[in-house]
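Student: from the sequence below, what's the structure:
(chains A, B, C and D)
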2 protein chains.
Amino acid sequence: MNLKQLAKELNLSFSTVSKALSDSHEISKATKSKVLAKAQELNYQANPMASSLRKHLSKTIAVILPEVVNDFFGPVINGIESIAHEKGYHVLIYLTHEDMQNEIAITRLLQNGRVDGILISLAEQTSDTSHLEMIKDKGIPIVFFDRIAEHMDAPKVITDDYHSGVKATTHLIEQGCKRIALLSISQNLSICNYRLNGYLSALKSNKIKKDNSLVVFCNSCPDRNYDVIKKLLKRKNRPDGVFALVEKLAISTYSVCKELKLRIPEDIKVITFSNSYTVDWLNPSLTTITQPAYEMGREAGEILFTLIEKKEYYYLQEQIVLKSKLMERNSTQKNGS
Amino acid sequence: MNLKQLAKELNLSFSTVSKALSDSHEISKATKSKVLAKAQELNYQANPMASSLRKHLSKTIAVILPEVVNDFFGPVINGIESIAHEKGYHVLIYLTHEDMQNEIAITRLLQNGRVDGILISLAEQTSDTSHLEMIKDKGIPIVFFDRIAEHMDAPKVITDDYHSGVKATTHLIEQGCKRIALLSISQNLSICNYRLNGYLSALKSNKIKKDNSLVVFCNSCPDRNYDVIKKLLKRKNRPDGVFALVEKLAISTYSVCKELKLRIPEDIKVITFSNSYTVDWLNPSLTTITQPAYEMGREAGEILFTLIEKKEYYYLQEQIVLKSKLMERNSTQKNGS
DNA sequence: TTTATTTACTACAACGTTGTAGCAGTATTT
DNA sequence: AAATACTGCTACAACGTTGTAGTAAATAAA
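Tutor: The predicted structure is shown next:
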């Protein structure tokens, strides 16, 4: 069922039918309603490929993520999908699996009109961003969320990572920690560095000397991370507080503590970034910094659609900062209280 | 950058260039390599819309899901994406939010060539499937996974739900439970009914009389579910075992038990379907039936691509059944052991 | 009454591909 | 030597839309 057939049914030229369907002022009301009725009856749907080709608009965006088995990116997708749905856009999903080469390959696929815009959260090791500059140069709007490319001139939606780092660390200090370890995932990602800076700044304000050996960079291999954390917690001068930048590192810490018979929170306190709803039921319940993931998705989507529809150029340099929340639970309970 | 421009650069007709790029036998090796080199140099990428329009193939599939903030659907997407990536397909994602009207609206969008095939897991209340039959009638291959439309003649990928129901219930009985409640989410979904049948069958084999009041249908409203479960656990003849068909209902059960000061597993044992990796760290750790979610995604994708490429018609009536695993943890520990 | 304007439509050329048909020139067969 | 087949290319018509230009007929202004 295409325009030509529909036009034949109606004894009209297919131009007329096309215009009627797009509610053009050139067409009389009578004809419009006749066309609309027939289109409904025959369940006519315009071919999106033809339309896209002609209009140079795909009504589709791409979302590029490191992974999807994750309590943060799940609600982000949810937020993106909700705004995309409202605006009549379709959402393509691509996973980098934390690999920059995949990220590059994906951006290559998106260069020639497949999408009208891109939402991206960088892979762990992405250092060079020329593949993204290339996309921008082709005129495809790109919006970053959470794991942003700091030096790119593009809109970004992030949370107050520096501040969250300060809050988390200060909380541990207030609960009595003297030697606080930080478990990071990447030296490239700006969010990690901001959180690290917040941590360092909180130590300084509380006159705690920084100890570089307490800052540990993990990666995406759970077994290696387990060993690294184990080594950390077995040291003679082991930390009495752990600040994990992602939930899986906090869970690994729980595992290591179980093996080493260290009690949380008595021997060691744990705080982590997490968006999981089960943290309340962990043993012990886990104190978290929780990011507004759904809102980040929606916000990033909204900016992208504004850019696509070129209503305002205002957003181009915009950086939106949303607030994370510290949720205090038992894993950071003060000793003897 | 399009074919015409590329052809001009090479002093060739654009037909020749097109054929060279698709490695046609009509073109000499010399010309092919010249064209390929130039295409690389100028970073030429064919316009997917034009190509799709011409070939009647979008190289895109749609994945329709109830939700994405979920430890089951996350890995499913992961599996789908991995096989799609291998086969050179793009993945559109749509969320129904458990609403059949959304499901219908989404299928309408996919009728006219936007996708070459559909993977779907039904919304909770989807009873009528005429919108899906319509898709099938248009010749668009459709493959179901997990939440299937039982009476549709289409390939399905599921887990051994009846058997899992038997296993879970038998496990509770073996651990000493006499009065086992089942928390379901839907009366429409066949997977829930199969699990329920497994439960009933296990009761029968163990000569436990079935009690309809112990089978509770929850919905997607957490507050209402909490109340329903609370009512269930406050009854004079309260259950000593709970079999939850989804993780969130098990977590609600944990909450209710905390409020009512019921001890797990001493007073009441809990088992649930779940794909969350944190179940090991819940308090107490939670016994689960875990589905091979990633594999389901891959399997469903593989069947869909076979259908799209029409190599084998064999799959059409195929139903793939994968095995779930029972992972015993503390929430179903035998009393006094 | 003539000329300008508006209304409601049609014709047609794009958009960027791909596949079929055609056409020289060379190689092979009879 | 003539007929046939093959090789390597070009020309052109689709695919299903949309937007621009064009055109009758009806209405308004000169």
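
Student: what does the stretch 101-250 of chain A have sitting close to DNA strand C?
Tutor: Residues of the stretch 101-250 of chain A found near DNA strand C (CB under 7 Å from any atom of the strand) are residue A:112. For the C-beta atoms, the positions are set from N, CA and C on the backbone; glycine is no exception.

Student: of all residues in the stretch 101-250 of chain A, which one is closest to DNA strand D?
Tutor: residue A:113 (12.7 Å; CB to the nearest atom of the strand).

Student: now do residue A:150: how many residues are near it, please.
Tutor: 16 (other CB atoms under 10 Å in any protein chain shown).

Student: check the gap between the nearest residue to it once chain neighbours are set aside and residue A:216 for me.
Tutor: In space, and not counting its chain neighbours, residue A:150 is closest to residue A:190: 4.3 Å by CB to CB, 6 or more residues apart in numbering or on different chains. Per CB to CB, to the nearest Å, residue A:190 is found 19 Å from residue A:216.

Student: over to residue A:172?
Tutor: 16 Å.

Student: okay, the two: which has more neighbours?
Tutor: More crowded of residue A:172 and residue A:216, by other CB under 10 Å: residue A:172, with 27 against 19.

Student: how about chain A: which residue is closest to chain B?
Tutor: Across chain A, the shortest distance to chain B (CB to the nearest CB) belongs to residue A:283, at 3.5 Å.

Student: hang on, that residue packs against residue B:285?
Tutor: Yes. Contact criterion CB atoms under 8 Å: residue A:283 and residue B:285 qualify, at 7.4 Å.

Student: helices of the stretch 101-250 of chain A, start to end?
Tutor: A:130-137, A:161-174, A:190-205, A:222-234, A:247-260 (DSSP state H, counting those that start in this stretch).

Student: include distance to residue A:153 and mean pLDDT when you put the ones you listed into JSON lines, please.
Tutor: Listed next are the helices of the stretch 101-250 of chain A as JSON lines, based on distance: least, CB to CB, whole Å; pLDDT from 0 to 100:
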{"stretch": "helix A:130-137", "distance to residue A:153": "8", "mean pLDDT": "95"}
{"stretch": "helix A:161-174", "distance to residue A:153": "20", "mean pLDDT": "98"}
{"stretch": "helix A:190-205", "distance to residue A:153": "15", "mean pLDDT": "97"}
{"stretch": "helix A:222-234", "distance to residue A:153": "35", "mean pLDDT": "94"}
{"stretch": "helix A:247-260", "distance to residue A:153": "32", "mean pLDDT": "95"}
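
Student: so can I have TSV of those helices showing distance to DNA strand D?
Tutor: Formatted as TSV, the helices of the stretch 101-250 of chain A follow (distance: least, CB to the nearest atom of the strand, whole Å):
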stretch	distance to DNA strand D
helix A:130-137	25
helix A:161-174	43
helix A:190-205	40
helix A:222-234	49
helix A:247-260	46
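
Student: now the ones you listed in a markdown table, please, with extra columns for distance to residue B:62.
Tutor: Converted to a markdown table, the helices of the stretch 101-250 of chain A look like this (distance: least, CB to CB, whole Å):
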| stretch | distance to residue B:62 |
| --- | --- |
| helix A:130-137 | 24 |
| helix A:161-174 | 35 |
| helix A:190-205 | 32 |
| helix A:222-234 | 32 |
| helix A:247-260 | 30 |
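
Student: for residue A:7, pull up the helix or strand it's in.
Tutor: Here residue A:7, judged by DSSP states H and E, is contained in helix A:3-10.

Student: and that helix, how far from the chain's centre?
Tutor: 45 Å (CA atoms, centre = their mean, to the nearest Å).

Student: what of stretch A:43-55?
Tutor: The answer for stretch A:43-55 is 31 Å, by CA atoms, centre = their mean.

Student: coming back round to it: and the residue of chain A closest to chain B, what is it in contact with?
Tutor: B:281-285 (CB atoms under 8 Å, 6 or more residues apart in numbering or on different chains).

Student: narrow those to those in helices?
Tutor: Among the contacts of residue A:283, DSSP state H puts none in helices.

Student: mind picking the two most distant members of those?
Tutor: B:281 and B:284 (10.0 Å; CB to CB).

Student: okay, and residue A:288 sits in which element?
Tutor: Judged by DSSP H and E, residue A:288 forms part of strand A:287-290.

Student: continuing past that strand, what's the next helix or strand?
Tutor: Following strand A:287-290 in sequence, per DSSP H and E, is helix A:293-308.

Student: by contact count, what packs against that next one?
Tutor: strand A:60-65, helix A:73-87, strand A:117-120, strand A:142-145, strand A:156-159, strand A:319-322 (3 or more CB pairs under 8 Å, 6 or more residues apart in numbering or on different chains; DSSP states H and E).

Student: let's have these in CSV, adding distance to chain B, mean pLDDT and mean neighbour count.
Tutor: Shown next, in CSV, are these (distance: least, CB to the nearest CB, whole Å; pLDDT from 0 to 100; neighbours: other CB atoms under 10 Å in any protein chain shown):
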stretch, distance to chain B, mean pLDDT, mean neighbour count
strand A:60-65, 8, 98, 25
helix A:73-87, 4, 98, 22
strand A:117-120, 13, 98, 25
strand A:142-145, 16, 97, 26
strand A:156-159, 18, 97, 24
strand A:319-322, 18, 95, 15
